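1. one predicted model, sequence on top.
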Amino acid sequence: MTTFLDPKVDMVFKKLFATNTHTDVLMSFLNSVLGREEGEKIAQVDLNDPYNNSETDSLKWSIVDVRCTDQRGRQYIIEMQFSRDDDYAARSQYYASLALSRQLASSEQYAKLVPVIFISILNFNLFKTKDCLSKHLILDAKTYAHELAHLEFYFIELNKFNKEISDLATIFDKWVYFFKYAQTFHHVPSEFKESAVEKAFEIVAQARWKLIDLELYDRQVDAVRCQKSQLASAIREGMEKKQLEIARNFLDILDVETVAKKTGLTVEQVEALKKHNS
C-alpha cells in the first residue's frame with residue numbers, strides 16, 4: 001500500500017514544481033491552467049529559483065511560490081496559499097507588479113518587458129464566481145480589448161471543485177483533483193495513467209522521501225494544524241466576549257434564565273456575571 005504526501009504542503013509543492021529533473025510536470029500543469037492549444041503550449045521552462053530542500057527552512061514560509069520563464073521569455077509565478085487571507089487578491093497584484101517592474105535595469109527600455117503570469121492555487125474561497133478557475137485580465141471597459149497584456153492572473157479555488165474521479169474530462173481536471181485529494185489515495189488511480197499527473201503522484205509518494213524530509217513534512221503539517229487551532233480559539237474567545245457583553249446589557253431588564261437562553265451562555269455563567277456586576 002502506498003501513502004502519498006499532501007501536495008498543498010510547502011515543501012511538497014516545491015519538490016513537485018521547482019526541481020530541474022522533472023520540469024515536464026510543471027509544464028503540464030501550466031499548459032492545463034492556461035488552456036494552451038498545440039503550437040502555443042509551453043515547451044520549455046527555466047526555473048528562476050530551483051528548490052534545494054536542505055538549504056531552506058520551509059517552516060518560515062506562509063506562502064510558497066515557484067518562479068519560472070518559458071521559451072518566449074514570459075515569466076510565471078505559481079503560488080500555493082494554504083491558509084485563508086482576505087487580502088490575497090491585493091497581494092497577488094502587488095507581487096505580480098513587482099515582478100514586472102524588476103525586469104528592467106535603470107538604462108533599459110520598456111520594450112524589453114515580458115508578460116508576468118500569476119497562477120495561484122487556493123485552499124479557500126476568494127471570489128464570488130462558482131467556477132474553480134478564474135482568469136483576470138486588464139481589459140478596455142467598453143470594447144473588452146486586451147491591449148494591456150503584461151499582467152495575467154489565474155486563481156484555482158480548490159473548495160469549488162466538486163467533480164467525481166469518473167467525471168474528470170481534461171488534464172486540468174486531473175491536476176485540480178490531484179491537489180485536492182492526492183493524500184487520500186493508496187495507489188495511483190487508473191484515470192491518471194500515462195499522464196504527467198501520474199508522475200506527480202510518483203513524486204509525492206512517501207516511499208520516495210528521506211526520513212529527514214518526512215520529519216520536516218510532519219512538522220509543517222503540524223504547524224498548519226496549530227495555526228488553524230489558534231484561529232479557532234481566537235474566534236471562540238471573541239464570540240464569548242460578545243456573548244458576555246450582550247448578557248451584561250440584558251441583566252438589568254431580564255431574569256437570569258432568559259438571558260442565558262438569549263445569549264447561549266449557561267445559567268451558571270450568567271449568575272457569575274450578575275454577581276460580578278453587583
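-> That came in fine, so what should we check first?
2. now the helices for the stretch 101-250 of the chain?
-> Using DSSP state H, counting those that start in this stretch, the helices of the stretch 101-250 of the chain run over residues 171-181, 196-203, 211-251.
3. any chance of those in a markdown table, with distance to residue 93, mean pLDDT and mean neighbour count too?
-> Quick note: C-beta positions are derived from backbone N, CA and C, even for glycine. Formatted as a markdown table, these follow (distance: least, C-beta to C-beta, whole Å; pLDDT from 0 to 100; neighbours: other C-beta atoms under 10 Å):
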| stretch | distance to residue 93 | mean pLDDT | mean neighbour count |
| --- | --- | --- | --- |
| helix 171-181 | 23 | 95 | 21 |
| helix 196-203 | 29 | 94 | 20 |
| helix 211-251 | 25 | 72 | 13 |
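4. nearest to residue 19, of those?
-> Closest of the helices of the stretch 101-250 of the chain to residue 19 is helix 196-203, at 8.1 Å (criterion: C-beta to C-beta).
5. distance to residue 3 for the helices of the stretch 101-250 of the chain - can I get that in JSON lines?
-> Below are the helices of the stretch 101-250 of the chain laid out as JSON lines (distance: least, C-beta to C-beta, whole Å):
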{"stretch": "helix 171-181", "distance to residue 3": "14"}
{"stretch": "helix 196-203", "distance to residue 3": "11"}
{"stretch": "helix 211-251", "distance to residue 3": "10"}
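6. select, out of those helices, the one closest to residue 87.
-> Of all those, helix 211-251 comes closest under C-beta to C-beta, at 15.6 Å.
7. ok, back up a step: figure out which of the helices of the stretch 101-250 of the chain is closest to residue 6.
-> Residue 6 sits nearest to helix 211-251 of all the helices of the stretch 101-250 of the chain, at 7.1 Å, using C-beta to C-beta.
8. following element in sequence after the closest one, please.
-> helix 256-263 (DSSP states H and E).
9. pull out the buried residues from that next one.
-> 256, 259, 260, 263 (16 or more other C-beta atoms under 10 Å).
10. can you list contacts of that helix?
-> 243, 246-247, 250-251, 254, 265-267, 269-271, 274 (C-beta atoms under 8 Å, 6 or more residues apart in numbering).
11. one more: stretch 181-191?
-> For stretch 181-191, the surrounding residues in contact (C-beta under 8 Å, 6+ apart) are 1-7, 165-166, 168, 174, 198, 200-202, 204.
12. now, among those residues, which is nearest to residue 212?
-> Nearest member of those to residue 212, counting by C-beta to C-beta, is residue 5, at 14.1 Å.
13. got the contact list for that closest one?
-> Counting by C-beta under 8 Å, 6+ apart, residue 5 makes contact with 12, 182, 183, 204, 205, 206, 209, 217.
14. neighbour-wise, which one of those residues leads?
-> With neighbours taken as other C-beta atoms under 10 Å, the top of the contacts of residue 5 is residue 12, carrying 25 neighbours.
15. could you look up the SS state of it?
-> Three-state assignment for residue 12 (DSSP: H, G, I helix; E, B strand; the rest coil): helix.
16. quick one: average pLDDT of stretch 83-94?
-> Average pLDDT, stretch 83-94: 89.
17. in it, what's buried?
-> Buried, per 16+ other C-beta under 10 Å, within stretch 83-94: 85, 88, 92.
18. from residue 29, how far out is the last one?
-> Pointing back at residue 92 there. Per C-beta to C-beta, to the nearest Å, residue 92 is found 18 Å from residue 29.
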